[in-house]
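Undergrad: How does the following fold in three dimensions:
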Amino acid sequence: MDYTAHYESPLGGITLGSDGKALIGLWFDGQKYFADTIGKEHKEQQDLAVFDCARRWLDIYFTGKAPDFTPSLLMRTTTFRRRVWEVMLKIPFGKTMTYGDISHIIAKERGLTSMSAQAVGGAVGHNSISLIIPCHRVIGTNGSLTGYAGGIDKKVQLLQMEGALMHDLFVPTKETVL
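TA: Numbering: from 1, shown residues only. Predicted coordinates:
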């Protein structure tokens, strides 16, 4: 059985998902791929320990500070996407990494000379545990703030809140979500 809970953030409502022990999802309400890891049979359950932990994490995060802990996570996804998400977990608070950087890391691990940044983009775009797995910190090679399922406006606000250096980054003229 899966469970959901709600959190009201400064950027809007957030839905949390859990299998009862670990966090399986964190989405801005209505974002692309919303609740894609929640089973058909689920119920609202506000008082799970993992939801309390996730709320503490979010409370700290939305004060503009980096939480010093991570709630228990269960990545319900493919092996490739899981690896991309694991790389994103290592992007420091207030820093960014490009899709190309991630593709180079994974290609090197697999003994390949290169890997498609677009394939990485698809994995980033399907991240089911937003914010904690910081897909908003992934940018285009040219500094484009593209590909955020929660919306480019939220991506900009999140990076600004984290104190990321924004002078070389730009919002594309047409929003793209992978």
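
Undergrad: Off-centre distance for the longest helix along the chain?
TA: When the chain is scanned for its longest helix (criterion: DSSP state H), the result is helix 49-61. For helix 49-61, the separation from the chain centroid amounts to 15 Å (computed by CA atoms, centre = their mean, to the nearest Å).

Undergrad: where does this structure have low pLDDT?
TA: Along the chain, segments meeting pLDDT under 70 span 174-178.

Undergrad: Can you pull up the most central residue in the chain?
TA: Ser130 (2.8 Å; CA atoms, centre = their mean).

Undergrad: Next, the contact list for it, please.
TA: By CB atoms under 8 Å, 6 or more residues apart in numbering, Ser130 lies in contact with 26-28, 31, 136, 149-150. Bear in mind the C-beta positions are built from the backbone N, C-alpha and C, glycine included.

Undergrad: For Lys43, give me the backbone phi and psi.
TA: Lys43 has phi and psi values of phi -140, psi 160 when expressed as degrees, to the nearest 10.

Undergrad: Next, count neighbours for it.
TA: Using other CB atoms under 10 Å, Lys43 has 8 other residues around it.

Undergrad: What residues are bridge-paired with it?
TA: Tyr3 (DSSP bridges).
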